[in-house]
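Trainee: Give the three-dimensional model of this entry:
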Amino acid sequence: MAVIGSQIGDVELYLVQEFHIRLLESKLERCNVGAAKSSVSKEDCCYIDITFDDCTTFKDTTVPVEVIEEEDDCIVDDDAELESTDAESFHDSDYDFSKDEDDVIFPKVVARKTAACKQESNKNGADEDDLNLYGGDPIVVHEESATINTEDLNNCCESSDEDSLRIRKPRYIRFRPEIDMAEPKFYAGLLFDDKQIFKRAVDYCGVKWGKVFQWKKNDIRRMRANCKDANCSWFIYASKEANNDAFVIRTMGPPCHCGRTCYHKRANSGFLSRHYMEFLRLNKKVTVAQFMEKVHLELNVNITKHQASKTFMKAKLLIHGSYKNQYRKLWDYCEELLTCNPETTVHMETILDESSGKDRFLRLYICFEALKRGFKVGCRRVIEVDVCHLKGPHLGILLTTVGIDANDCIYPVAYAVVEVENKNSWKWFIEFLKYDLSISEQKSWTIISDRQKGLGSTIEEVIPE
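Mentor: Sure, this is the predicted structure:
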């Protein structure tokens with residue numbers, strides 16, 4: 001351990017965990033130590049003994065020790081307090097021995113602790129280079145301090161223990177699809193959030209580089225892909241983590257040097273729709289030919305017109321969602337209309353499906369409060385009622401009512417979606433229209449129609465003359 005006083009030279013280095021200091025000499029004065037060795041004298045030094053409770057010695061390790069000059073304003077408060085302490089009033093309860101007993105016990109305790117630390121160091125087989133923590137720089141010993149600061153040595157020891165614990169713990173690098181999917185690079189220890197992201201990354205890498213592979217294992221816990229060529233030893237293996245759904249690449253084979261193909265099996269409509277979803281969302285007027293050329297330039301893959309058409313359809317589903325999910329949001333849509341447009345007429349009817357036991361959409365009538373109020377105030381009492389058939393996945397009949405404003409332009413009033421055009425559906429629509437527009441008699445109103453089925457008899461029945 002470093003010394004207190006005027007000793008200058010090579011000393012044996014100890015790593016001290018706990019120690020106690022006891023004053024031996026009653027005369028304790030602050031000494032002004034010079035920078036040169038000749039300026040240090042025994043009269044300027046105080047003498048104390050130090051008991052090391054737990055220390056570790058480094059075998060055959062010596063570091064140079066030198067005394068440096070310290071300014072008066074750098075004195076620690078603990079040292080000043082110790083200088084003002086009188087020796088007769090000093091009392092250490094931990095080492096309450098007489099002077100004769102202490103002279104006998106102290107050397108034995110130090111010798112026993114030192115021998116035990118040396119044996120432990122010899123068992124660990126520490127090298128001299130590894131134990132030189134300071135790299136040959138001198139340890140600074142302040143003569144004015146009554147304690148030795150071993151915080152640096154303890155921090156070195158604790159940091160080395162923490163580093164060793166970090167090395168044992170597996171550390172993975174997360175694969176970020178929004179950034180890394182453009183140029184995927186695989187290596188052992190790469191973590192994917194779930195199984196689908198790992199599969200998409202491997203598929204994209206195979207399509208981009210024209211490598212044909214097959215999935216040997218594809219279950220909930222393991223995934224393994226091998227090159228389809230029997231002479232190629234490339235493979236990639238990933239397994240699921242124990243506490244979450246993440247997959248981690250465990251092992252990989254050597255790089256694949258097989259030739260590329262321009263007709264890749266993995267470049268199907270599902271893969272292309274996921275990869276070009278954002279492009280198709282921003283470019284709604286792109287043609288099939290333009291899309292085929294773009295895929296060939298970016299992925300070096302040739303696709304057919306049928307594949308491009310199916311890609312457009314699947315991308316539209318990914319962008320707008322499925323139609324079934326949209327029907328489930330109709331109740332929320334009606335509530336939002338009533339919240340944002342008070343006094344709006346919204347009426348929806350459903351029927352119970354016997355096979356599934358769930359409600360299915362039947363009819364919907366909407367008349368906005370602003371349009372209703374504007375028609376009553378500024379439009380003439382002339383309305384036109386018409387119907388059209390809905391095509392595509394949303395089958396049904398659309399019933400509409402429009403008016404004429406002061407500029408002789410079309411003014412929308414109300415609309416409804418029904419299951420079929422018949423007298424029953426027209427009667428249901430005209431009754432709501434009569435209530436919203438406050439139609440009391442036919443004499444003061446002009447109703448224009450295209451002679452729809454059952455509309456004339458329904459108006460005469462609902463609206464009196």
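Trainee: secondary structure class for the residue lying closest to Lys211 once chain neighbours are set aside?
Mentor: Among residues not flanking Lys211 along the chain, Cys256 sits closest, at 5.5 Å (Cβ to Cβ, 6 or more residues apart in numbering). For every residue, glycine as well, the C-beta is placed using N, CA and C. What DSSP: H, G, I helix; E, B strand; the rest coil gives for Cys256 is coil.
Trainee: quick one: Cys256 and Phe235 touch, right?
Mentor: No: contact between Cys256 and Phe235 fails when scored by Cβ atoms under 8 Å: they sit 9.3 Å apart.
Trainee: Now do the shared contacts for those two.
Mentor: Here Cys256 and Phe235 share the contacting residues Cys227, scored by Cβ atoms under 8 Å, 6 or more residues apart in numbering.
Trainee: Have a look at the chain and report the helix or strand with the lowest mean pLDDT.
Mentor: The least trusted helix or strand in the chain, going by mean pLDDT, DSSP states H and E, turns out to be strand 139-141, with a mean of 35.
Trainee: if we can go back for a sec, quick one: residues contacting the residue nearest to Lys211.
Mentor: By Cβ under 8 Å, 6+ apart, Cys256 lies in contact with Lys211, Cys227, Cys232, Trp234.
Trainee: Would you mind giving the domain segments of the protein?
Mentor: Domain ranges of the chain: 9-165, 174-318, 326-462, per automatic domain parsing.
Trainee: Average pLDDT for the second one, rounded please.
Mentor: Summarised as a single mean, pLDDT over domain 174-318 is 89.
Trainee: what's the answer for the shortest one, then?
Mentor: On average, the pLDDT along domain 326-462 is 90.
Trainee: all strands in the stretch 351-465 of the chain, in order from the N-terminus.
Mentor: Using DSSP state E, counting those that start in this stretch, the strands assigned to the stretch 351-465 of the chain run over residues 359-367, 382-390, 396-404, 410-418, 446-448.
Trainee: So for Leu190, which of the ones you listed sits nearest?
Mentor: Counting by Cβ to Cβ, Leu190 lies closest to strand 359-367 out of the strands of the stretch 351-465 of the chain; the figure is 46.3 Å.
Trainee: what does that closest one rub up against?
Mentor: For strand 359-367, contacts defined as Cβ under 8 Å, 6+ apart pick out 327, 330, 337, 344-353, 413-419, 425, 428-429, 432-433, 436.
Trainee: do the same with stretch 270-284
Mentor: 200, 203-204, 207, 286, 291, 294-295, 303, 307-308, 311-312, 314-316, 318-319.
Trainee: Over to stretch 214-233?
Mentor: Contacts of stretch 214-233 (Cβ under 8 Å, 6+ apart): 195, 198-199, 202, 211-213, 234-240, 247, 253-254, 256-258.
Trainee: what sits against Ser449?
Mentor: So Ser449 contacts Glu384, Val385, Asp386, Leu455, Gly456 (Cβ under 8 Å, 6+ apart).
Trainee: Distance of the closest residue to the second one other than its chain neighbours relative to Leu364?
Mentor: Sequence neighbours aside, Ser449 is the residue nearest to Val385 in space, at 4.9 Å (criterion: Cβ to Cβ, 6+ apart). Ser449 sits 21 Å away from Leu364, taking Cβ to Cβ, to the nearest Å as the criterion.
Trainee: coming back round to it: nearest to Arg171 among the contacts of Ser449?
Mentor: Nearest to Arg171 out of these is Asp386 (Cβ to Cβ; 68.0 Å).
Trainee: and the nearest residue in space to that closest one that is not next to it in sequence, how many neighbours?
Mentor: Distances taken as Cβ to Cβ, 6+ apart place Thr400 nearest to Asp386, at 5.4 Å, with adjacent residues excluded. Using other Cβ atoms under 10 Å, the number of residues around Thr400 comes to 15.
Trainee: surely Thr400 meets Val387?
Mentor: Yes: counting by Cβ under 8 Å, Thr400 touches Val387, with 7.5 Å between them.
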